[in-house]
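1. sequence first, predicted coordinates after that:
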There are 2 protein chains.
Amino acid sequence: MGGPRFEPVRTVRAYERVVEQIEEAVESGALSPGARLPSERELMVQFSVSRSTVREALRVLQARGLVRSRPGDPHGAEVLPFSPAALHKSMTTLARVAELSLGELVQFRMVLDGSAVLLAARLRTEEQLAEMCEAVATMRAAVGRDAQAFGAADVAFHDAVARAGGNKLIQVCTDVVRSIVLKLIAERIAAAPDREELMRRSIRHHEEVIAAIRAGDGPLAAQLSRKAMYDYYAGYVDEGERSALRALLE
Amino acid sequence: MGGPRFEPVRTVRAYERVVEQIEEAVESGALSPGARLPSERELMVQFSVSRSTVREALRVLQARGLVRSRPGDPHGAEVLPFSPAALHKSMTTLARVAELSLGELVQFRMVLDGSAVLLAARLRTEEQLAEMCEAVATMRAAVGRDAQAFGAADVAFHDAVARAGGNKLIQVCTDVVRSIVLKLIAERIAAAPDREELMRRSIRHHEEVIAAIRAGDGPLAAQLSRKAMYDYYAGYVDEGERSALRALLE
DNA sequence: CTAGTGTACTGGTCGGACCAGTAGGCTACG
DNA sequence: CGTAGCCTACTGGTCCGACCAGTACACTAG
């Protein structure tokens, strides 16, 4: 022992090097959203690789949500602003492949939303509070008339709360998980028999949460928020999993 | 109004169709982890597209962590078991592009870990509790001797807790966010002057958490857990952000 | 039976080609 | 002079054919 430590040589593909360089440029800010990459034919000159290689690299970057290509665009691929699309995609895959149950997803939402509310009670501004109130007002106006508007206003409420909480990661994850949950049970929600009653109760819960946020009582707001989500979704969750959800209600 | 609703025609690329089909096969379980895809030349026959198109599709699938190709492998691309690698990648990108601060990441960990502990206090088995104890014992044995072993045991502890909590999503996110945080401050942790004291205090905190889990007191365990993480990481977080972290300690 | 060779595949990369589409300059008309 | 319409030069999407280095496996010679 004691000789030189040789590390296994990892053969690195050409397209990976291309990906790395462009990724680095984007993440470091050298390429801002809206900026254009050179054309594929130009890139293949700059990187000294073939167009196939350039294209494979662009496909990877596109899959990661960093750039977008449009056929015929004379300005080359566009650098995109960050969007949680890639995160959304990988979480959706996770949900399918790892067989996440609806219960786990709802539980995760309870955790995220509860935390966001807790933080919002501390950090919210008056404008953000007004936004929440407005969203609930929109919900109330939509009860029994426009289910889609009700859902949209509900999303707006939770989004305002998440923003008020000040944590971008919570915000994005809330957004992603919510859309997955809603997609899973969209048809069942639409078919719920006591749907209007559910909506009214949901509004009441939202108002209680707002009151607690206004009062600055974070723990209470968090508890109410988790309770509200439990009430709204428990009916769609298997009985066996419901007890795990209730563990978050103490 | 009333005429037929025409939807905008979305031109869909050939490689996207290939991606969709293979993705569907994998996520539906028709292709299990370990299974092999046909060779690229075979796929180009089955899909009636060129090899370039097949390869671009495979690059996308590879970026999503669903398959892996190895040059020279006579059996074709391999279907991978789910790994949070793709989720990890997109969260890391999120952290860089959306400029997530260390404070936000730590805050998210406090939320996730607190919830995992809360659930674990309810749902843990005796084996899992023993695992946690063992991890802490390993940590204690490593204090002042082997910082790497200390870190690994710490990870093992939190992993056991997350597993005991029973929510795979919390588990995966905990894992992903932890590795991002650790990567961000690895060198600063290694250089901490009062490092050994930090370790000892951390162990004490872990023991308190275990006691609360054993007693089945979820809320207490969650509070202790968040406090422990705050104590351990607060020093690396900007003063301005620390108050937001403290909002989770009430 | 084993060690070694050979071969028939694999994926990675290259170059060239064609097509449909777009943007923007150019022209001809009003 | 202004504008509507065409034209051209580019773009990305797809295909084809070729070559290389690597791997697994069968086959052969010892």
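-> Received the coordinates, thanks.

2. the residue lying closest to residue A:155 once chain neighbours are set aside: neighbour count?
-> The shortest distance from residue A:155 to any non-neighbouring residue, by Cβ to Cβ, 6 or more residues apart in numbering or on different chains, is to residue A:178 (7.0 Å). All C-beta atoms are positioned from the backbone trio N, CA, C, and that covers glycine. The number of residues packed around residue A:178, counting by other Cβ atoms under 10 Å in any protein chain shown, is 20.

3. got the contact list for residue A:178?
-> For residue A:178, the contacting residues are A:109, A:155, A:158, by Cβ atoms under 8 Å, 6 or more residues apart in numbering or on different chains.

4. tell me the mean pLDDT for stretch A:142-161?
-> Mean pLDDT, computed over stretch A:142-161, is 92.

5. restrict it to CA atoms and write it as PDB.
-> Output in PDB follows, covering the C-alpha atoms of stretch A:142-161 (Å, rounded to 0.1, in the frame of the first residue of the first chain):
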ATOM      1  CA  ALA A 142     -68.600  30.100  -7.200                       C
ATOM      2  CA  VAL A 143     -70.200  27.600  -4.900                       C
ATOM      3  CA  GLY A 144     -72.900  25.600  -6.700                       C
ATOM      4  CA  ARG A 145     -72.300  27.600  -9.900                       C
ATOM      5  CA  ASP A 146     -68.900  27.100 -11.300                       C
ATOM      6  CA  ALA A 147     -66.900  24.200  -9.900                       C
ATOM      7  CA  GLN A 148     -63.900  25.100 -12.000                       C
ATOM      8  CA  ALA A 149     -63.800  28.600 -10.700                       C
ATOM      9  CA  PHE A 150     -64.100  27.200  -7.200                       C
ATOM     10  CA  GLY A 151     -61.100  25.000  -7.700                       C
ATOM     11  CA  ALA A 152     -59.100  27.800  -9.300                       C
ATOM     12  CA  ALA A 153     -59.800  30.100  -6.400                       C
ATOM     13  CA  ASP A 154     -58.900  27.400  -3.900                       C
ATOM     14  CA  VAL A 155     -55.500  27.000  -5.700                       C
ATOM     15  CA  ALA A 156     -55.100  30.700  -5.600                       C
ATOM     16  CA  PHE A 157     -55.700  30.700  -1.800                       C
ATOM     17  CA  HIS A 158     -53.100  28.000  -1.100                       C
ATOM     18  CA  ASP A 159     -50.700  29.700  -3.500                       C
ATOM     19  CA  ALA A 160     -51.000  33.000  -1.700                       C
ATOM     20  CA  VAL A 161     -50.400  31.200   1.600                       C
END
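
6. residues contacting residue A:96?
-> residue B:27.

7. any idea how far residue A:180 is from it?
-> Separation of residue A:96 from residue A:180 (Cβ to Cβ, to the nearest Å): 10 Å.

8. ditto for residue A:189
-> 14 Å.

9. so which bits of stretch A:193-201 are buried?
-> Within stretch A:193-201, the residues that count as buried by 16 or more other Cβ atoms under 10 Å in any protein chain shown are A:198-199.

10. what's the weakest-modelled helix or strand in chain A?
-> In chain A, the helix or strand scored least confidently by mean pLDDT, DSSP states H and E is helix A:85-97, which has a mean of 87.

11. elements contacting the next helix or strand after that one?
-> As assigned by DSSP states H and E, the chain's next helix or strand after helix A:85-97 is helix A:102-123. Helices and strands touching helix A:102-123, by 3 or more Cβ pairs under 8 Å, 6 or more residues apart in numbering or on different chains; DSSP states H and E, are helix A:147-165, helix A:168-190, helix A:195-215, helix A:218-233, helix A:239-246, helix B:102-123, helix B:168-190, helix B:239-246.

12. for the helix or strand that helix A:102-123 is followed by, which helices and strands make contact with it?
-> Using DSSP H and E, the helix or strand that follows helix A:102-123 in sequence is helix A:126-142. Packing partners of helix A:126-142 (3+ Cβ pairs under 8 Å, 6+ apart): helix A:147-165, helix A:195-215.

13. go again using 10 Å as the cut-off
-> Applying 3 or more Cβ pairs under 10 Å, 6 or more residues apart in numbering or on different chains; DSSP states H and E, we find helix A:126-142 packed against helix A:102-123, helix A:147-165, helix A:195-215.

14. ranking those helices by burial, who's on top?
-> Highest mean neighbour count of those: helix A:102-123, a mean of 25 (counted as mean count of other Cβ atoms under 10 Å in any protein chain shown).

15. and of the contacts of residue A:178, the nearest to chain B?
-> residue A:109 (9.7 Å; Cβ to the nearest Cβ).

16. for the nearest residue to the closest one once chain neighbours are set aside, what are its contacts?
-> Computed as Cβ to Cβ, 6+ apart, the closest residue to residue A:109 that is not its neighbour in sequence is residue A:177, at 5.4 Å. Counting by Cβ atoms under 10 Å, 6 or more residues apart in numbering or on different chains, residue A:177 makes contact with A:88, A:91, A:95, A:100, A:104-106, A:108-109, A:111-113, B:169, B:173.

17. reformat those as CSV; add distance to residue A:46.
-> Below are the contacts of residue A:177 laid out as CSV (distance: Cβ to Cβ, whole Å):
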residue, distance to residue A:46
A:88, 32
A:91, 35
A:95, 39
A:100, 42
A:104, 46
A:105, 44
A:106, 49
A:108, 43
A:109, 45
A:111, 46
A:112, 43
A:113, 47
B:169, 41
B:173, 38
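
18. re earlier: next, the buried residues of the least confident helix or strand of chain A.
-> In helix A:85-97, the ones that count as buried by 16+ other Cβ under 10 Å are A:86-97.

19. and the helices and strands packed on helix A:102-123: which comes nearest DNA strand C?
-> Closest to DNA strand C of the helices and strands packed on helix A:102-123 is helix B:168-190 (Cβ to the nearest atom of the strand; 25.5 Å).

20. can you give the distance from that closest one to the centre of its chain?
-> Here the centre of helix B:168-190 is set off from its chain's centre by 8 Å, with Cα atoms, centre = their mean, to the nearest Å.

21. now the angle between helix B:195-215 and that helix, please.
-> 160 degrees (axes from the mean of the first three to the mean of the last three Cα atoms, to 10 degrees).

22. now helix B:168-190 against helix B:102-123, angle please.
-> 130 degrees.

23. which parts of helix B:168-190 are buried?
-> For helix B:168-190, by 16+ other Cβ under 10 Å, it's B:168-178, B:180-181, B:184-185, B:189.
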